[in-house]
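In: please work out how this folds:
(2 chains)
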Amino acid sequence: EAGVAQSPRYKIIEKRQSVAFWCNPISGHATLYWYQQILGQGPKLLIQFQNNGVVDDSQLPKDRFSAERLKGVDSTLKIQPAKLEDSAVYLCASSLETGKTAKKLFFGSGTQLSVL
Amino acid sequence: KNEVEQSPQNLTAQEGEFITINCSYSVGISALHWLQQHPGGGIVSLFMLSSGKKKHGRLIATINIQEKHSSLHITASHPRDSAVYICAVKVYGGATNKLIFGTGTLLAVQP
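Out: Okay, here's the model as predicted:
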């Protein structure tokens, strides 16, 4: 079974530049998550999609971050403009979960972003 | 105070030792995940449990819902077990569940 695919693996940009990350979840997984993991901390949820709808974006800094999952399959996360404090690993995860019944999570390998 | 607390934060063990990592939480949950993260690697889900105990190879996970506590045990530890182990809980939140992560336990197993 193919896992969650993310790209790019690494990205280095200067502050105030824009960057986009891509995620392709496991086929058939309705729920897709984007997490931000700062070094030494646990992942923090940025946004959760169920199919192509947003179910939780309460911790997404909407002035600079945006995400979409137009066809309910793959997703992109964008930062525009980037700040130094955005340096982190951006993790995408998916699951079969469609409601309150918890399902196993599958994570991508992440995109490590360095903002200089 | 974090809703999910892990202990210890750092753990160094000798190869072959029995290892226990603890997770305590303060909210009502529908499930608890134990995750493994290798340096530079992605996160792998080890267990998802809502009651009792699960075992997979040398790994055992237990949960006590009444005490709001879970443990991850590694028997006959090996250097390849060196990683960050993260506890995450699914909490009730409106139409869907939210996942809250602990900060992780960094395990180093020395040969």
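
In: contacts, neighbours, all on C-alpha from now
Out: Fine.

In: surely B:Lys68 is in contact with B:Ser30?
Out: No - with contacts counted by C-alpha atoms under 8 Å, B:Lys68 stays clear of B:Ser30, the gap being 11.5 Å.

In: more neighbours, the two?
Out: Using other C-alpha atoms under 10 Å in any protein chain shown, the more surrounded residue of B:Lys68 and B:Ser30 is B:Ser30, with 19 against 15.

In: tell me the spatial nearest neighbour of that one, not counting adjacent residues.
Out: For B:Ser30, ignoring the flanking residues on the chain, the nearest one in space by C-alpha to C-alpha, 6 or more residues apart in numbering or on different chains is B:Lys90 at 5.5 Å.

In: so what's the residue nearest to B:Pro39 when sequence neighbours are not counted up against?
Out: Computed as C-alpha to C-alpha, 6+ apart, the closest residue to B:Pro39 that is not its neighbour in sequence is B:Ala83, at 6.7 Å. Going by C-alpha atoms under 8 Å, 6 or more residues apart in numbering or on different chains, B:Ala83 touches B:Gln36, B:Gln37, B:His38, B:Pro39, B:Leu106, B:Leu107, B:Ala108.

In: apply 6 Å and report the result again.
Out: B:Gln37, B:His38, B:Leu107 (C-alpha atoms under 6 Å, 6 or more residues apart in numbering or on different chains).

In: give me the number of residues near A:Tyr10?
Out: If you count neighbours by other C-alpha under 10 Å, A:Tyr10 ends up with 13.

In: and it, how far is that from B:Gln110?
Out: To B:Gln110, A:Tyr10 is 29 Å away according to C-alpha to C-alpha, to the nearest Å.

In: tell me what A:Thr31 is bridged to.
Out: A:Gln50, A:Ser95 (DSSP bridges).

In: tell me the pLDDT at the residue nearest to B:Pro39?
Out: Looking at B:Ala83, its pLDDT stands at 94.

In: which one is the residue in chain B that chain A sits nearest to nearest to, not counting chain neighbours?
Out: Relative to chain A, the nearest point of chain B is B:Gly42 (3.7 Å; C-alpha to the nearest C-alpha). Sequence neighbours aside, A:Ser109 is the residue nearest to B:Gly42 in space, at 3.7 Å (criterion: C-alpha to C-alpha, 6+ apart).

In: distance check, the one you found against A:Trp22.
Out: For A:Ser109, the distance to A:Trp22 - C-alpha to C-alpha - is 12 Å.

In: how about A:Ser66?
Out: Using C-alpha to C-alpha, we find A:Ser66 at a distance of 12 Å from A:Trp22.
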